[in-house]
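> take this sequence and fold it.
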Amino acid sequence: MNALLMIIILTLSSAYAVNCDEFRTGLPALLHTLRTNPENVEFGDIQELEASFSSCDIKFEDVGTTRMEVKQLHGKVLVQQIPKIFDSIRTKGKHSSRDTIIIVRNFLIQDNLYNSEWEQQFLSISNDLEKRILQLESDRRAHVQESCRTPRDLSQRLPPVRDQGSIGWCYSHAAADLVFLETGIDVSPLDIALNYIEKTNSTPDFNNDGGLIAEAIRACEGRGFCPSSEMDYSQTKTEDLRSALKALTEIESLGEGFVSDDTQICEWQASLSNIYKDLSIDQLKDILLRVATDDLVDELRKTSCEARATLTRPLEFNVDWFPDNEYQKDFEDEVLTVLENDKAVGVEFQDLRFLGINTERGKGHAMTIVGNVFNEETRQCDFIIRNSWGKDCMFQPVAANCKDGYWHIPSSVLKEQRIRTITVKPAMN
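Okay, here's the model as predicted:
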């Protein structure tokens, strides 16, 4: 397929936002290919072909065709592609295939190609699809029931539950849990958050709350991690941490090549030493003179964190959204499969009000699923979730039990919520 034809097809398939100049230029080549080699064109690439003539104010006769021929060419590609579409439905059996069947059927009707023979084929593929989906759902339910009866609990392998305090860095605590379980490195959530904020903002504000688990771990790649033993979140008072974050934000905002007076540097050093232990005034001066501000956090870590740890292999992430409308992955089934492999699942909730938490804490939140247990009273599977609000369970969720900072929540309750899941593993060489 030549480059110009590829451009016109990409133009048509890009959410149907047609670039009329490219469409007009590439149209003769596209029509030629449709007439001579329609097998080289995917049906999805020309769904809006006829409508594009109108959108771009092009008359059919001006390019040597007619509306009827365009319909026929459209139908020819559709008919050629249907076996591939049906084969994909039979092998993958996704719930979204129902929509595909309806779309293809409607296009056949629109192109005046639908007949009793097609009707029989559509009935057959629809019946096959429904049987496959029912079997998949039955297999999933059986797996959930069987798997959950084997209790799993990774909490004993993790450090004590932390308390993030009033700073919204729940994502960095969940990220630290996943890194620890995968690598054995007790990473400081504070170090993860600082890395993430600096790497993802051109002018960082270190007092910003909120973030994403996978992206926070990625921000540490190539930089290493400072362990909790040298940057202990739990031993840092909130007011001292806020003071240090204010100093970092002020320094980053000044940009490169600035010179500040000794009084200001002394104030920054006093604040930063709350998190970067043993950082001297001379060390800070040296860093400010020779380091670009977008490497400030990394250089401070190198100076004050002696036991800096790096990964021997990079990490890979698998990220899913639930409910999953495209592939219809089942939340309970997917989480249990991960737990069976002795791994944890990071979870990001858009809202916690479904648990009766209606304070500021009830907004978006990240935690870690570390186990499962079969609840004999409810006859349901409960997931064990590690939070970062301390051990005292001050915020007791509805429809859940809390002990020592771990929540036990029915999986049936969780599966109804909008949740992003993150799992981690070493990258393949």
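> can you list the weak-confidence ranges in the stretch 301-429 of the chain?
Counting by pLDDT under 70, the stretch 301-429 of the chain shows low-confidence ranges at 312, 325-328, 358-362, 396, 399, 428-429.
> where along it do the helices fall?
Shown for the stretch 301-429 of the chain, the helices assigned by DSSP state H, counting those that start in this stretch span residues 331-340, 411-414.
> now the last one: buried residues?
Of all the residues in helix 411-414, those buried under the rule 16 or more other CB atoms under 10 Å are 411, 413-414. C-betas here are computed from N, CA, C, even on glycine.
> ok, back up a step: and the helices of the stretch 301-429 of the chain as a markdown table, adding distance to Asp111?
Listed next are the helices of the stretch 301-429 of the chain as a markdown table, based on distance: least, CB to CB, whole Å:
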| stretch | distance to Asp111 |
| --- | --- |
| helix 331-340 | 40 |
| helix 411-414 | 45 |
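> deepest-packed of those, please.
helix 331-340 (a mean of 20; mean count of other CB atoms under 10 Å).
> all strands for the stretch 251-400 of the chain, in order.
Using DSSP state E, counting those that start in this stretch, the strands found in the stretch 251-400 of the chain span residues 315-322, 345-349, 365-375, 380-386.
> ok and the second one relative to helix 331-340, angle-wise?
For strand 345-349 against helix 331-340, the angle between stretch directions is 150 degrees (axes from the mean of the first three to the mean of the last three CA atoms, to 10 degrees).
> can you give me the strands for the stretch 1-150 of the chain?
Going by DSSP E, counting those that start in this stretch, the stretch 1-150 of the chain shows no strands.
> check the gap between Arg98 and Val104 for me.
Distance of Arg98 to Val104, given as CB to CB, to the nearest Å: 11 Å.
> ok, now Ser166?
54 Å.
> these two: which has the busier surroundings?
Val104 (20 against 11; other CB atoms under 10 Å).
> which parts of this protein belong to which domain?
3-131, 151-157+313-426, 170-304 (automatic domain parsing).
> just checking, Ser231 touches Asp186?
You called it Ser, but residue 231 is Met. No. In this structure, Met231 is not within contact of Asp186 by CB atoms under 8 Å, at 10.6 Å.
> those two: which has the busier surroundings?
Met231 (23 against 15).
> model confidence at the residue nearest to the more buried one when sequence neighbours are not counted, what's the number?
Nearest in space to Met231, with sequence neighbours left out and distances taken as CB to CB, 6 or more residues apart in numbering, is Ser188 at 4.0 Å. Looking at Ser188, its pLDDT is 91.
> give the contact list for Ser188.
Listed by CB atoms under 8 Å, 6 or more residues apart in numbering, the contact set of Ser188 reads 176, 225-228, 230-233.
> mind doing that once more with 6 Å?
By CB atoms under 6 Å, 6 or more residues apart in numbering, the contact set of Ser188 is 226, 228, 231.
> counting neighbours, what do you get for Gln417?
Gln417 has 17 nearby residues by other CB under 10 Å.
> relative to Gln264, how far out is it?
47 Å.
> how about Val79?
75 Å.
> likewise for Ala174?
36 Å.
> which one's more surrounded, the two?
Set side by side, Ala174 and Gln264 show more neighbours around Ala174, with 31 against 13, by other CB under 10 Å.
> could you tell me the angle between the lengthiest helix in the chain and strand 365-375?
In the chain, with assignment by DSSP state H, the single longest helix is helix 116-148. Here helix 116-148 runs at an angle of 80 degrees relative to strand 365-375 (the same axes, to 10 degrees).
> just the angle between helix 116-148 and strand 380-386, please?
Using the same axes, to 10 degrees, helix 116-148 lies at 70 degrees relative to strand 380-386.
> what is the mean pLDDT for the helix or strand following helix 116-148?
Next helix or strand after helix 116-148 toward the C-terminus (DSSP states H and E): strand 152-153. Per-region confidence: strand 152-153 scores 96 on mean pLDDT.
> same question, stretch 77-90
81.
> would you mark the buried spots in it?
Those would be 77-78, 81-82, 85-86, 89, for stretch 77-90 by 16+ other CB under 10 Å.
> out of the residues you listed, the closest to Asn341 would be?
Checking the buried residues of stretch 77-90 against Asn341 by CB to CB gives Ile89 as the nearest, at 30.2 Å.
> verify the stated contact: Ile185 with Ala309.
Yes. Counting by CB atoms under 6 Å, Ile185 does reach Ala309; the two are 4.8 Å apart.
> where do the contact lists of the two overlap?
Going by CB under 6 Å, 6+ apart, residues that sit against Ile185 and also against Ala309 are Phe225.
> make TSV out of the strands of the stretch 251-400 of the chain and add distance to Tyr196 and mean neighbour count.
Output for those, formatted as TSV (distance: least, CB to CB, whole Å; neighbours: other CB atoms under 10 Å):
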stretch	distance to Tyr196	mean neighbour count
strand 315-322	14	15
strand 345-349	14	23
strand 365-375	12	22
strand 380-386	20	22
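> can I get the ones you listed in CSV including distance to Gln121?
Formatted as CSV, those follow (distance: least, CB to CB, whole Å):
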stretch, distance to Gln121
strand 315-322, 33
strand 345-349, 41
strand 365-375, 43
strand 380-386, 41
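> quick one: closest of the ones you listed to Cys20.
Relative to Cys20, the nearest member of those by CB to CB is strand 315-322, separated by 34.7 Å.
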